[in-house]
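1. Build me a model:
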Amino acid sequence: MTTTDTPSAPSSPSPPSSPSSSVETGPAKAGARQWIGLAVLLLPVTLMTADLGVLWLATPYLAADLRPSSAQLLWITDIYGFLTAGTLVIMGTLGDRLGRRRLLMTGSAGFLLASLLAAYAPNAETLIAARALLGVAGAAVLPSTLALISHMFADARQRATAIAMWVTALSVGLAIGPIVGGVLLAAWWWGSVFLIGLPVMLIALVAAPVLLPEYRDPAAGRTDVPSVALFLFAVLPLVYGVKSVASHGPTAGAAGAFAAGAVLTVLFVRRQNRLTTPLLDLRLFRDRAFTGALLTLLLGMTALNGVEYLVPQYLQAVAGRSPLEAGLWLLPGAVGLIAGSQLTPPLARRYRPAYVLIGGLLVSLAGYTAIALAAGAGTASLGLAVIMFGAAPISVLGTTLAVGAAPPEKAGAAAATGQTAYDLGLALGIALTGSVAAAVYRGGIPGDAPAAARESLGAASTVADERLLAIARESFTTALQAASTLSAAFALLTAALVAVLLRKVPTISSGG
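-> Numbering: from 1, shown residues only. The predicted structure follows:
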């Protein structure tokens, strides 16, 4: 992968070693300090994905308080994931040069300050800015944790266990975010959901200098600033185009954004192919397994997160559950995701990863279908639990396959790229299925209704009479069912891509 900044000192010649001594000179196994350090690293990892979902239950409350437009509401929810995905590769490169522990601590401090800004945001614009800062800070934390794990655990078997725990921490964070949010909202205001990051990041800041080694790659090339700019300016216009179409339909501005994003993407690709040390080594994409793993992460997370984002709102605004009750209704989903994550590794050692992934996606289809065909708190809760259980292999195997498909010296870049696909899929799930849901919702509201009622169900509850509120709830139910249908289509597309690109990948135990 990469090397430490201090090479080993040369030793004097010695007699040939015996078999037993050669074993003794192998990679040293990690001790208690490394495992405690791993626990410290997993805390911010869990927080990163928890923060993606922590707003789901708070959305109706902040919508009533801040009165954001439908476009602003989508920005509040998913700008965090987009900026995390957009800056992850950049931050990974900076970590190579500046030091992983230093970048981890810098990102933790930034996350702490941005959390305070978000918690006390007086308007939608401030909250969007705070969520953007949280995304950039999160991008500094995630690649640092994975690189430090690879450095701390030299023994291959221990390293595999530690990385599996890292991936599971991502899944756990995604599952518990809405539940923690429900508990906080039962006692405090919507801004309290952002304060969960404070103790986590304080622990990281205090413990990192004691438990974590500093690590940088002395052979890392210089950061290519034009590549950084091209990467960001290629992604952001595409994001703007998706959101513009969702809010206003096809417009000249949206078409221009898509065109600008496409042109800048081409320029970024051409520049990477010319550089000796590119920001992103595009040769990795020539491997079918690597490309298949990234597409699986991207599309699978897109399918999952669109529905997971809407179900908590449905439980509160339509089914009439309190935040705490809604959090408890979401508990089966958390259990399903954790159970599926734990079941995936033994299955992948026995069966090809493609079979495990396709089997899980087919299971998730039952959950999407249940939500698309029926309404009610029980159906939404059970359907989400089935979806989460079936989608668990995506997050566990996607990163493993992406890293395993790359040569050892490219493992760090592969891990960062895989995490980018994961985070971008989570954000796209909200942007795409959330946009469809918003359009369906608006289509069900009478044209003579107040403008606020057409923006969101949360805003409708503050201005509508009982008749219009009933119409708004019915429209939101229809919107959830439409989003679930779209997510099911993404799940089928993911299964087809897995069958084509990953069918020859052997079982995890047989290498490859």
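2. what about the residue most central in space within the chain, which SS state?
-> Most central in the chain under CA atoms, centre = their mean is residue 423, positioned 3.2 Å from the mean C-alpha point. With DSSP: H, G, I helix; E, B strand; the rest coil as the basis, residue 423 sits in helix.
3. Could you double-check that it lies in contact with residue 84?
-> Yes: using CB atoms under 8 Å, residue 423 is in contact with residue 84, at 4.8 Å. To be clear about C-beta, it is placed using only N, CA and C from the backbone, and glycine gets the same treatment.
4. re the thing from before, what's the distance between the residue nearest to the centre of the chain and residue 481?
-> Distance, residue 423 to residue 481, by CB to CB, to the nearest Å: 27 Å.
5. Please compute how far whichever helix or strand residue 88 is part of lies from its chain's middle.
-> Residue 88 is located in helix 70-98, with elements delineated by DSSP states H and E. Relative to its chain's centre, helix 70-98 lies at 10 Å (CA atoms, centre = their mean, to the nearest Å).
6. now swap in stretch 69-85 and tell me
-> Put simply, stretch 69-85 sits 13 Å off its chain's centre (CA atoms, centre = their mean).
7. Where do the domain boundaries of the protein fall?
-> As assigned by automatic domain parsing, the chain contains the domains 30-223+279-510, 224-278.
8. Would you tell me which one of the ones you listed is buried the most?
-> A comparison of these by mean neighbour count, using mean count of other CB atoms under 10 Å, puts domain 30-223+279-510 on top with a mean of 21.
9. What mean pLDDT does it get?
-> On average, the pLDDT along domain 30-223+279-510 is 80.
10. Next, the distance between the ends of stretch 307-324.
-> 20 Å (CA to CA, to the nearest Å).
11. The lengthiest helix in the chain packs against which elements?
-> Longest helix in the chain, counting residues (DSSP state H): helix 466-501. Here helix 466-501 touches helix 288-313, helix 353-373, helix 377-405, helix 434-443, helix 457-463, going by 3 or more CB pairs under 8 Å, 6 or more residues apart in numbering; DSSP states H and E.
12. gap between residue 374 and residue 390?
-> Taking CB to CB, one finds residue 374 at 18 Å from residue 390.
13. no no, residue 353
-> 15 Å.
14. Please apply the same query to residue 102.
-> 40 Å.
15. do the same with residue 134
-> Counting by CB to CB, the gap from residue 134 to residue 390 is 29 Å.
16. rewinding a little: save the helices and strands packed on helix 466-501 as a markdown table, and put in distance to residue 166 too.
-> Shown next, in a markdown table, are those (distance: least, CB to CB, whole Å):
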| stretch | distance to residue 166 |
| --- | --- |
| helix 288-313 | 15 |
| helix 353-373 | 18 |
| helix 377-405 | 8 |
| helix 434-443 | 28 |
| helix 457-463 | 35 |
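17. Using the three-state scheme, assign residue 325.
-> Under three-state DSSP, residue 325 comes out as helix.
18. Start at 39, not 1
-> All set: I'll call the first residue 39, so the last point we hit is now residue 363.
19. tell me the mean pLDDT over stretch 266-279?
-> The pLDDT scores in stretch 266-279 average 78.
20. wait, isn't residue 211 in contact with residue 81?
-> No: in this structure residue 211 lies outside contact range of residue 81 using CB under 8 Å: 9.8 Å.
21. ok, now which ones touch residue 374?
-> Shown in contact with residue 374 (CB atoms under 8 Å, 6 or more residues apart in numbering): 422, 423, 424, 425, 426, 427, 430.
22. nearest to residue 503, of those?
-> residue 422 (31.4 Å; CB to CB).
23. ok, and what's touching the helix or strand containing residue 301?
-> Following DSSP H and E, one finds residue 301 within helix 290-312. With CB under 8 Å, 6+ apart as the test, helix 290-312 has contacts from 262, 264-265, 268-269, 271-276, 278-279, 282-283, 286, 316-320.
24. Among the residues you listed, which lie within helices?
-> Short answer: the contacts of helix 290-312 in helices (DSSP H) are 264-265, 268-269, 271-276, 278-279, 282-283, 286.
25. Restrict the helix or strand hosting residue 244 to CA atoms and write it as CSV.
-> Element membership for residue 244 (DSSP H and E) is helix 235-249. C-alpha atoms of helix 235-249 as CSV (Å, rounded to 0.1, in the frame of the first residue of the first chain):
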residue,chain,number,x,y,z
GLY,A,235,-21.1,14.8,17.2
LEU,A,236,-19.6,16.9,20.0
PRO,A,237,-18.6,14.1,22.5
VAL,A,238,-17.5,11.8,19.7
MET,A,239,-15.2,14.3,18.2
LEU,A,240,-13.9,15.4,21.6
ILE,A,241,-12.9,11.8,22.3
ALA,A,242,-11.1,11.5,19.0
LEU,A,243,-9.2,14.8,19.6
VAL,A,244,-8.1,13.7,23.1
ALA,A,245,-7.3,10.1,22.4
ALA,A,246,-5.7,10.4,18.9
PRO,A,247,-2.3,11.7,20.1
VAL,A,248,-2.1,9.0,22.7
LEU,A,249,-3.4,5.9,20.9
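26. and residue 339, what does it touch?
-> Neighbour list for residue 339: 429, 432, 433, 459, 460, 462, 463, 464, 466, 467 [criterion: CB under 8 Å, 6+ apart].
27. what's the closest residue to the second one other than its chain neighbours in contact with, if anything?
-> With CB to CB, 6 or more residues apart in numbering as the measure, residue 338 is the residue that lies nearest to residue 432, at 3.7 Å, once sequence neighbours are left out. Going by CB under 8 Å, 6+ apart, residue 338 touches 399, 429, 432, 433, 436, 463, 528, 529, 532.
28. can the residues you listed go into TSV with extra columns for distance to residue 455?
-> TSV is the format used below for these (distance: CB to CB, whole Å):
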residue	distance to residue 455
399	22
429	20
432	16
433	15
436	11
463	13
528	20
529	23
532	18
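29. out of those, who's nearest residue 373?
-> When the contacts of residue 338 are compared for distance to residue 373 (CB to CB), residue 429 wins out at 13.7 Å.
30. Please compute how far the one helix or strand residue 196 maps to lies from its chain's middle.
-> Using DSSP H and E, residue 196 maps to helix 194-225. Distance of helix 194-225 from the chain centroid (CA atoms, centre = their mean) equals 11 Å.
31. tell me the angle it makes with helix 415-443.
-> Helix 194-225 runs at 150 degrees relative to helix 415-443, counting by axes from the mean of the first three to the mean of the last three CA atoms, to 10 degrees.
32. other SSEs contacting helix 194-225?
-> Taking 3+ CB pairs under 8 Å, 6+ apart as contact, the helices and strands that helix 194-225 lies on are helix 70-91, helix 162-190, helix 326-351, helix 361-367, helix 369-388, helix 415-443.
33. Next, the angle helix 162-190 makes with that helix.
-> Going by the same axes, to 10 degrees, helix 194-225 makes 160 degrees with helix 162-190.
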